[in-house]
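Asker: Give me a model of this one.
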Amino acid sequence: MSTAWPFFVLAAGLAIVIGGIIVLRLHAFLSLITAAIVVSLLAPGEWAEKVPRVAEAFGDTAGGIGIIIALAAIIGMAMAESGAADRVVQVFLRLFGQERGAGALSASGFTLAIPVFFDTVFFLLVPLVRSMYRRSGRHYVRYLVAAGTCAAAHALVPPTPGPLLVADTLGIAVGTMMLAGLATGIPAALAGLWFAAWSDRRLPDVAPPEQSVGTPASGSLPGAFESLAPILLPVLLITGSNVLGALGVEEGDARAWVHAVYVLGSPDLALLLAAALALFTWWRRRRPGISGFSEGIGDALMTGGIIVLITCAGGAFGAALRAAQLAPAIQGLTGDSAAAGIGVLVLGFTVTALIKFAQGSSTAAMIVSSAMLVAMVDLDTLGFHPVYLATAIGSGSLVGSWMNDSGFWIFARMGGLTEAQTLRTWTVLLVLMGCVGMTMTLLLTWAIPFA
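Answerer: Here you go, the predicted structure:
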């Protein structure tokens, strides 16, 4: 086999993915699974095994993240329906004070975006943005951009699908990805909060449109602890099991409490318990009835199911690229140093940003770039923990949002901004947060490599 063949296979796979999504407007699942099969057919191996190995990789990815994504979708739906999401926002408003409303919007949006999808979080925050503007008569852009900083959590902190898939692809524990995502995402959101104030001074005359876009949940809202429980519980349980592992306490330890921590810290079980809490709160507060309850869960699973299909197709694509022997080909050209060092982080950030710019989806960009990179580099020779490659990829997925990104239009239409104003606010905001996230990744790699 020619040493150039793996690079041809990589180019063919990327052409199918990006061309299918951008040029042919195909669904991301169809583009990714087609690319996976074509790449697998072009890769070495027995012909009888080439298509089955795609299906096997698809199933392996589903086993790793499918349950978590489905449960996260249910948690997000239940929190929105019960009013728990609204209560979380109010908690942060009381904590920060009305005079620091932008900080409250940013903190509550970031917290909600950990288990809830970006568009749902932003939809929940927009009525509060407008309410704050009506009370003060100013700072509309500041409040709106502050609400948009929740995108940092969407790109960096599981169980949102993008970072979850990247963690699974790179073999990173979910708890470790959570901690690293928070360490890079919080500074990124803080930088976004500063940019919100700066943008407000640049666009002082922008005001919301007259028509209403959404209202907070009606009726009494759940308490603060009850509302935050579906977010805090899985974070604490998953982190607890990871802390034990870091301290050298193995799962085989005879002590019963160690077994309990590891069992409850399993991401699938932790998210299931969180989903049960969120659903209980929804039932207790809204009494949707059996049919409404089932319908709500069904709608959430339909949304989550589409994301599962896309992420599993991405996992199959990555496995096909690995079968194409990219890593040995790269090392043969550039030596073993190609698979190590800070250059890999820069490569991950840049490739993800380019893919995001080309096709518009942060999640799809993370799927494609992580699949490509895991096939190109040896994670054991990086010189630092692979979680930093994951946060570099997540940071890159923030950069490059423009007219082909659904998030761009959500921000523009719900915020009542023109395309030019959205480019000056939303697009620049995501570039700034992505660069800050990447800077934090580089700093953490230098300070705490965990190699």
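
Asker: Can you name the next helix or strand after the helix or strand hosting Ala104?
Answerer: Per DSSP states H and E: Ala104 is located in helix 101-112. As assigned by DSSP H and E, the chain's next helix or strand after helix 101-112 is helix 118-136.

Asker: Just want the angle from that following helix to helix 101-112.
Answerer: 160 degrees (axes from the mean of the first three to the mean of the last three Cα atoms, to 10 degrees).

Asker: Do me a favour and average the pLDDT over helix 118-136.
Answerer: The average pLDDT for helix 118-136 rounds to 77.

Asker: Mind listing residues that contact it?
Answerer: 76, 80, 85-86, 89, 93, 98, 101, 105, 108-109, 112-113, 139-140, 143-144, 147-148, 150-151, 154, 160, 207-208, 212-216, 406-407, 410-411, 414-415 (Cβ atoms under 8 Å, 6 or more residues apart in numbering). C-beta: built from backbone N, CA, C; applies to glycine.

Asker: Take those and keep only those in helices.
Answerer: Using DSSP state H, the members of the contacts of helix 118-136 that fall within helices are 76, 80, 85-86, 89, 93, 101, 105, 108-109, 112, 140, 143-144, 147-148, 151, 154, 406-407, 410-411, 414-415.

Asker: List buried residues within those residues.
Answerer: Using 16 or more other Cβ atoms under 10 Å as the burial test, the ones in helices among the contacts of helix 118-136 include 76, 80, 85-86, 89, 93, 101, 105, 108-109, 112, 140, 143-144, 147-148, 151, 154, 407, 410-411, 414-415 as buried.

Asker: shaky segments in the stretch 351-451 of the chain?
Answerer: 358-359, 404, 451 (pLDDT under 70).

Asker: what do you get for the chain?
Answerer: Judged by pLDDT under 70, the stretches of the chain that qualify are 1-2, 98, 209-219, 246, 253-254, 326-340, 358-359, 404, 451.

Asker: Grab the longest helix from it for me.
Answerer: helix 289-323.

Asker: What are the buried residues along that helix?
Answerer: 293, 296-297, 300-301, 303-304, 307-323.

Asker: Kindly report the same for stretch 34-43.
Answerer: 34-40, 42-43.

Asker: same deal with stretch 263-275?
Answerer: Those would be 264-265, 267-275, for stretch 263-275 by 16+ other Cβ under 10 Å.

Asker: Just the ones in strands from those, please.
Answerer: Applying DSSP state E to the buried residues of stretch 263-275, no entry is found in strands.

Asker: Now the two most distant members of the residues you listed.
Answerer: Gly265 and Ala275 (16.0 Å; Cβ to Cβ).

Asker: and the angle from the helix holding Ala104 to helix 140-148?
Answerer: Using the same axes, to 10 degrees: helix 101-112 against helix 140-148 is 20 degrees.

Asker: so how far is helix 101-112 off the chain centroid?
Answerer: Centroid separation for helix 101-112 versus its chain: 17 Å, with Cα atoms, centre = their mean, to the nearest Å.

Asker: What of stretch 48-64?
Answerer: Distance, centroid of stretch 48-64 to centroid of chain: 23 Å (Cα atoms, centre = their mean).

Asker: Just the helices from the stretch 151-300 of the chain, written as ranges.
Answerer: 151-156, 161-170, 174-202, 224-246, 256-264, 267-286, 289-323 (DSSP state H, counting those that start in this stretch).

Asker: can you give me the helices for the stretch 301-450 of the chain?
Answerer: 326-334, 342-359, 362-376, 387-396, 406-415, 419-422, 428-447.

Asker: what comes into contact with the longest one?
Answerer: Here helix 428-447 makes contact (Cβ under 8 Å, 6+ apart) with 145, 148-149, 151-152, 155-156, 180, 183-185, 187-189, 191-192, 195-196, 199, 342, 345, 349, 353, 384, 388, 391-392, 394-401.

Asker: could you redo the last one with a cut-off of 6 Å?
Answerer: 145, 148, 152, 184, 187-188, 191-192, 195, 349, 384, 388, 391-392, 395, 398-399, 401 (Cβ atoms under 6 Å, 6 or more residues apart in numbering).

Asker: For ChimeraX, write the selection for the buried entries among the residues you listed.
Answerer: ChimeraX command restricting the contacts of helix 428-447 to the buried ones, with burial defined by 16+ other Cβ under 10 Å:
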select :145,148,152,184,187,188,191,192,195,349,384,388,391,392,395,398,399,401
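
Asker: just the angle between the host helix or strand of Ala72 and helix 289-323, please?
Answerer: Using DSSP H and E, the element containing Ala72 is helix 67-82. Here helix 67-82 points in a direction 150 degrees away from that of helix 289-323 (the same axes, to 10 degrees).

Asker: which other helices and strands contact helix 67-82?
Answerer: helix 267-286, helix 289-323 (3 or more Cβ pairs under 6 Å, 6 or more residues apart in numbering; DSSP states H and E).

Asker: gap between the last one and the chain center?
Answerer: What that stands for is helix 289-323. On Cα atoms, centre = their mean, the centre of helix 289-323 falls 14 Å from the chain's centre.

Asker: So which elements touch that helix?
Answerer: Helix 289-323 packs on helix 28-42, helix 47-61, helix 67-82, helix 161-170, helix 362-376, going by 3+ Cβ pairs under 6 Å, 6+ apart.

Asker: Please work out which residues outside the second one touch it.
Answerer: Identification of contacts with helix 47-61 by Cβ under 6 Å, 6+ apart yields 36-37, 40-41, 312, 315-316, 319.

Asker: Might you report the residue contacts of Val89?
Answerer: Val89 touches 108, 128, counting by Cβ under 6 Å, 6+ apart.

Asker: Now do it against Trp282, distance only.
Answerer: 17 Å (Cβ to Cβ, to the nearest Å).

Asker: Could you find the closest non-adjacent residue to Gly318?
Answerer: Closest residue to Gly318 apart from its sequence neighbours, by Cβ to Cβ, 6 or more residues apart in numbering: Ala371 at 2.8 Å.

Asker: What of Ala167?
Answerer: Met177 is the one closest to Ala167 (Cβ to Cβ, 6+ apart), at 4.0 Å.

Asker: Same question for Phe411.
Answerer: Phe411 sits nearest to Trp426 (Cβ to Cβ, 6+ apart), 4.4 Å away.

Asker: Against Val166, how distant is that neighbour?
Answerer: 23 Å.

Asker: Which of those two has more residues huddled nearby?
Answerer: Val166 (36 against 26; other Cβ atoms under 10 Å).

Asker: What residues does that one make contact with?
Answerer: For Val166, the contacting residues are 366, 370, 390, 393, by Cβ under 6 Å, 6+ apart.

Asker: Let's have these in CSV, adding distance to Glu419.
Answerer: Output for the contacts of Val166, formatted as CSV (distance: Cβ to Cβ, whole Å):
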residue, distance to Glu419
Met366, 26
Ser370, 31
Ala390, 32
Ile393, 28
